[in-house]
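J.: Got a sequence here, can you build the structure:
(chains A, B, C and D)
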Protein chains: 2
Amino acid sequence: MNKVDIPAIIVARLPIYLETLELMYKEGIYKTSSRELGDRIGITAAQIRKDLSQFGEFGKQGTGYSIPNLVAELRKILHVDKIWDVALVGTGNLGTAIARYPEFNHRGFRIVMCFDSDPALIGTKVGDITIEDSATMIERIREANIKIAMLTVPGSIAQQVADDLVKAGVTAILNYAPVALNMPPDIIHVQHIDPILQLQQMTYYMD
Amino acid sequence: MNKVDIPAIIVARLPIYLETLELMYKEGIYKTSSRELGDRIGITAAQIRKDLSQFGEFGKQGTGYSIPNLVAELRKILHVDKIWDVALVGTGNLGTAIARYPEFNHRGFRIVMCFDSDPALIGTKVGDITIEDSATMIERIREANIKIAMLTVPGSIAQQVADDLVKAGVTAILNYAPVALNMPPDIIHVQHIDPILQLQQMTYYMD
DNA sequence: TTGTGTGAATTCCTTCACAGCG
DNA sequence: CGCTGTGAAGGAATTCACACAA
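T.: Coordinates of the predicted model:
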């Protein structure tokens, strides 16, 4: 189970499996097969079995998979069998909306700190979190030992703030700013959310 | 240049090329090579050349690519050489933040209509757009001939609203709701934005 | 029978390496 | 020279198909 040799493309599918299985469980379904799960997600049954076989043998021949069991295994594999504290940097429109988004709490992540550099916002609250001054960010994140940050600042300062996050000991950044971050890939993971890239993929197929 | 045989994985990279080239142009750089572009993005020069060669010959041997020219070609290929009208459905925290996000306007997309079912919101404004009643959505989208929708409604009603969007003639949905939409893939394109899936990919590599 | 886990076969994607042009 | 565009080679990912267990 050496992490380095699991292809990233497989890792990217595991959260989809987990999400789907959690939904099925909520619907009152407690067992499934690779076929049924694949039909829901839109991929082949063989692919699901191959992917899961990288991590262990979670199914029973003739029977399929126990959903609670597979959910627990996937949470362990993805390290979301605990709650991760997250810092949110930038509390403009988007940052505020994310801070109020309830889903994070239910699925392994808890926003525990918010930062902004706007004096008009510092000291005000988003939900029940007080917005703190970005000037204190490095220190505050380090002493709280936070490893994950969501970045919702303007593109013009995103790189600078990301550099500060690295100094603070953060090892994962979810980047909502519309710029590619230049980061040392060996010490930090970056995921980029850019809705325009996704819209442009779709317009390719449209007239 | 038959669309069906261009792999989706290549189409997914084109908007990244476009975004990067647009940024370089803003920086005052007007020509580049596959090597330089690849270094910025973090992929190989050969891959960029192979990808672009699917659509034509845009470079000059010994010289590289003209950035304005390649930007124009990519916009044509991706059909963002025009402005697409977009409908936004769901004007809660997230929808409101998206409606106010300025980037869309600069990169080929214009939000022209907003819908919500909450009587307290209908008739109020987000930016300069008046929120309309979801009950009128199908008719309004159809008569405005809008083909792209962004979906920021609660997961519990996302499937129902998406079905309505199909009835309204929409052919592309950018889905922010935390559920997989079940759609006829031959008539509609769906892209899903789920920050939790991306966070969970990163925690896989963390302790 | 059903449905897993897995080698083998296949398909798909990326990289190599170089002819050829400016 | 420098750098593109592209066949050929190599590598990765997916799918097939079946032994085997419940």
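
J.: okay, CA-based contacts and neighbour counts for the rest of this
T.: Noted.

J.: Only the buried residues of the helix or strand encompassing residue A:70, if you could.
T.: In the assignment (DSSP states H and E), residue A:70 maps to helix A:67-78. Residues of helix A:67-78 classed as buried: A:67, A:68, A:70, A:71, A:73, A:74, A:75, A:77, A:78 (neighbour count, 16 or more other Cα atoms under 10 Å in any protein chain shown).

J.: Quick check: nearest residue in space to residue A:68, chain neighbours excluded?
T.: residue A:30 (6.7 Å; Cα to Cα, 6 or more residues apart in numbering or on different chains).

J.: Just confirm the one you found contacts residue A:64, I think it does.
T.: No. Using Cα atoms under 8 Å, residue A:30 is not in contact with residue A:64; the gap is 10.7 Å.

J.: State the distance from the residue sitting nearest the centre point of chain A to DNA strand D.
T.: Central residue of chain A (Cα atoms, centre = their mean): residue A:174, 7.1 Å from the mean position. Counting by Cα to the nearest atom of the strand, to the nearest Å, the gap from residue A:174 to DNA strand D is 22 Å.

J.: Just the pLDDT for that residue.
T.: Residue A:174 is assigned 98 on the pLDDT scale.

J.: So what are the sheet partners of the helix or strand containing it and their directions?
T.: Using DSSP H and E, residue A:174 falls within strand A:172-175. Using DSSP bridges, the strands paired with strand A:172-175 are strand A:148-151 (parallel), strand A:189-192 (parallel).

J.: Low-confidence ranges, chain A, go.
T.: A:1-4 (pLDDT under 70).

J.: Show me what from it comes close to chain B.
T.: A:3, A:11-12, A:14-16, A:41, A:77-80, A:93-94, A:96-98, A:100-101, A:104, A:107, A:172, A:174, A:180, A:189-191, A:193, A:195-207 (Cα under 8 Å from any Cα of the partner chain).

J.: mind listing the helices in chain A by residue range?
T.: Using DSSP state H, the helices assigned to chain A run over residues A:8-26, A:34-41, A:45-53, A:67-78, A:93-99, A:103-106, A:137-144, A:155-167, A:195-204.

J.: residues in contact with the residue nearest to residue A:72 when sequence neighbours are not counted?
T.: Spatial nearest neighbour of residue A:72, excluding adjacent residues (Cα to Cα, 6+ apart): residue A:81 at 7.5 Å. Listed by Cα atoms under 8 Å, 6 or more residues apart in numbering or on different chains, the contact partners of residue A:81 are A:72, A:75, A:108.

J.: Same check on residue A:53?
T.: Not one residue lies near residue A:53 by Cα under 8 Å, 6+ apart.

J.: Double-check residue A:95 against residue A:88; I have them as touching.
T.: Yes. Assessed by Cα under 8 Å, residue A:95 is found in contact with residue A:88 at 7.2 Å.

J.: Can you work out which residues contact both of these two?
T.: residue A:152.

J.: Now do the nearest residue to residue A:69 once chain neighbours are set aside against DNA strand D, distance only.
T.: Nearest residue to residue A:69 in three dimensions, chain neighbours excluded: residue A:58, at 7.9 Å (Cα to Cα, 6+ apart). For residue A:58, the distance to DNA strand D (Cα to the nearest atom of the strand) stands at 12 Å.

J.: For DNA strand C, what's its nearest residue on chain A.
T.: Nearest to DNA strand C, among the residues of chain A, is residue A:62, at 2.7 Å (Cα to the nearest atom of the strand).

J.: residues near that residue, how many?
T.: Residues near residue A:62, counting by other Cα atoms under 10 Å in any protein chain shown, number 7.

J.: How about residue A:82?
T.: 11.

J.: which residues are in contact with the longest strand along chain A?
T.: In chain A, taking DSSP state E as the definition, the longest strand is strand A:109-116. Residues from elsewhere that reach strand A:109-116 (Cα under 8 Å, 6+ apart): A:83-91, A:99, A:104-105, A:122, A:129-134, A:137.

J.: Separate out the buried members of these.
T.: A:84-91, A:99, A:104, A:122, A:130-134, A:137.

J.: need the residues of chain A near DNA strand D, please.
T.: A:7-10, A:43-44, A:46-47, A:50, A:60-63 (Cα under 7 Å from any atom of the strand).

J.: tell me how far stretch A:34-48 is from the chain's mean position?
T.: 22 Å (Cα atoms, centre = their mean, to the nearest Å).

J.: One more: stretch A:9-28?
T.: The answer for stretch A:9-28 is 13 Å, by Cα atoms, centre = their mean.

J.: swap in stretch A:61-74?
T.: On Cα atoms, centre = their mean, the centre of stretch A:61-74 falls 23 Å from that of its chain.

J.: can you dump the C-alpha coordinates of that stretch into CSV?
T.: In CSV, the C-alpha atoms belonging to stretch A:61-74 read as follows (Å, rounded to 0.1, in the frame of the first residue of the first chain):
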residue,chain,number,x,y,z
GLN,A,61,-17.9,-12.9,-4.2
GLY,A,62,-21.5,-13.4,-5.2
THR,A,63,-22.6,-10.7,-2.7
GLY,A,64,-20.8,-7.5,-3.5
TYR,A,65,-19.9,-4.8,-1.0
SER,A,66,-21.2,-3.8,2.4
ILE,A,67,-21.7,-0.1,2.0
PRO,A,68,-21.0,0.9,5.7
ASN,A,69,-17.8,-1.2,5.5
LEU,A,70,-16.7,0.2,2.2
VAL,A,71,-17.4,3.8,3.3
ALA,A,72,-15.3,3.2,6.4
GLU,A,73,-12.5,1.8,4.3
LEU,A,74,-12.5,4.6,1.9
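
J.: Would you mind listing the outside residues contacting it?
T.: So stretch A:61-74 is in contact with A:14-15, A:18, A:21-22, A:25, A:29-34, A:58-59, A:81, going by Cα under 8 Å, 6+ apart.
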